[in-house]
Each structure stands twice: as structure tokens, then as C-alpha cells.
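Colleague: okay, here's the prediction I keep looking at, along with the sequence it came from:
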Amino acid sequence: MVDRVAQDRNETEDYSMKNEMENGQEPQDNGEKPRCTAIILAAGSGSRMQSAVAKQFLPLKERPLIWYALHAVEESRIIDDCILVTAEQDIPYVREEIVQKYHFTKVNIITSGGAERYLSVGRALQLIADGRLKVPNEHGYVFIHDGARPFLTEKILEDTYA
């Protein structure tokens, strides 16, 4: 009985790999590190703080709060690219005063967020599914982090990946 279960499992795995290859997809376990995309959410308005400036743009040690999350992503050996989700009206500011100013080269897409956090996440995931990244992430991992949380580190990303 055990041998038949093992045989069934092997047939299923072989079938899955065969289907992936026939569909032009890479098999999952090809020995290479899967692509890892970070989604940084920064579309909040700061309404609960009653601030004219969104929390993610407030300074912390002379840098905007969002800088710390983006810096961790940029320095990470795990993360390959990043989608930055912000409010529509903040896209030019984010592009010029954060991404370009601080040379965050892993930020591949800057897009507008939705009215709620889950809509912003959904929009970023749809961009990945649609193949909009410079290098598609078809079988990789996605890391989602709030841009107003400055304590993300490369070690946290590595530990999460492991």
C-alpha cells in the first residue's frame, strides 16, 4: 500500500512538471532561487493621525519614514524588485523625492492604491499576474510590507524567506 501511495505521488509530481513544461513554464524546483517581489504599501492619507502629511512621508532622522522600508528592500539579496503603491496624487513626489533621490533601483513600478489596504494589495498583485514587472515573477514569492513601518531589515526579509 505504501509503495502505491509513493508511486501515485511520483506520478502526480511528474504530471505537474510535464504540464508546466508543456505550458512554457519552468518547473518549480529547478535549483534556482525563485524571484522575490516586494510590495510596499504607502497609499495611506494619515487621517487617523489628523496630519496634513501622510505618516509614511513624515521625517524620522531626516529621512521620510518610507525610506527605511525601501532601503531594506534595496539592500536585500533576497528581493529582486519592488512595486510601490501610493496615493495617485503622491506618485510624482514618490518618484522624484524618494525613489530617484535615494536611488532605489529595485522599485520597478509605482502605482496608485485603492481606497482600502486590500485593494492596494490586489492592484499590486494584479500587476504581477499581468506580467508588468521588467522580469516577470511567475512562480516566485511576494513580500508585502507597510511603508509606514520603518523597522524592516534585510535580516527580517532573509528570515521570512528561509
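Modeller: Sure, I can see it.
Colleague: can you pull the contacts of the most centrally placed residue in the chain?
Modeller: Compute the mean C-alpha point of the chain, and by Cα atoms, centre = their mean the closest residue is residue 38, 1.9 Å away. Applying Cβ atoms under 8 Å, 6 or more residues apart in numbering to residue 38 gives the contacts 73, 76, 79, 81, 82, 83, 106, 142, 143, 144, 145, 157. Heads up, the C-betas are built off the backbone N, CA and C, glycines and all.
Colleague: ok, the third one touching residue 158?
Modeller: It stands for residue 79. No. Under the criterion of Cβ atoms under 8 Å, residue 79 makes no contact with residue 158, lying 9.8 Å away.
Colleague: burial check on residue 126, number of neighbours?
Modeller: Applying other Cβ atoms under 10 Å, we find 11 other residues in the vicinity of residue 126.
Colleague: ok, now residue 92?
Modeller: By other Cβ under 10 Å, the residues close to residue 92 number 10.
Colleague: give me the element it is part of.
Modeller: Secondary structure from DSSP states H and E places residue 92 in helix 91-93.
Colleague: which ones are touching residue 162?
Modeller: Counted by Cβ under 8 Å, 6+ apart, residue 162 has zero contacts.
Colleague: next one, pLDDT for it please.
Modeller: Looking at residue 162, its pLDDT reads 86.
Colleague: could you check how far it is from residue 74?
Modeller: According to Cβ to Cβ, to the nearest Å, residue 162 and residue 74 sit 20 Å apart.
Colleague: dump the contacts of residue 38 to TSV, plus neighbour count and secondary structure.
Modeller: Listed next are those as TSV, based on neighbours: other Cβ atoms under 10 Å; DSSP: H, G, I helix; E, B strand; the rest coil:
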residue	neighbour count	secondary structure
73	27	helix
76	22	coil
79	21	coil
81	20	strand
82	27	strand
83	26	strand
106	18	coil
142	15	strand
143	19	strand
144	16	strand
145	20	strand
157	21	helix
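Colleague: could you single out the nearest of these to residue 33?
Modeller: When the contacts of residue 38 are compared for distance to residue 33 (Cβ to Cβ), residue 79 wins out at 11.0 Å.
Colleague: backbone phi and psi for the closest one, please?
Modeller: Main-chain torsions, residue 79, degrees, to the nearest 10: phi -80, psi 130.
Colleague: good, wrapping up.
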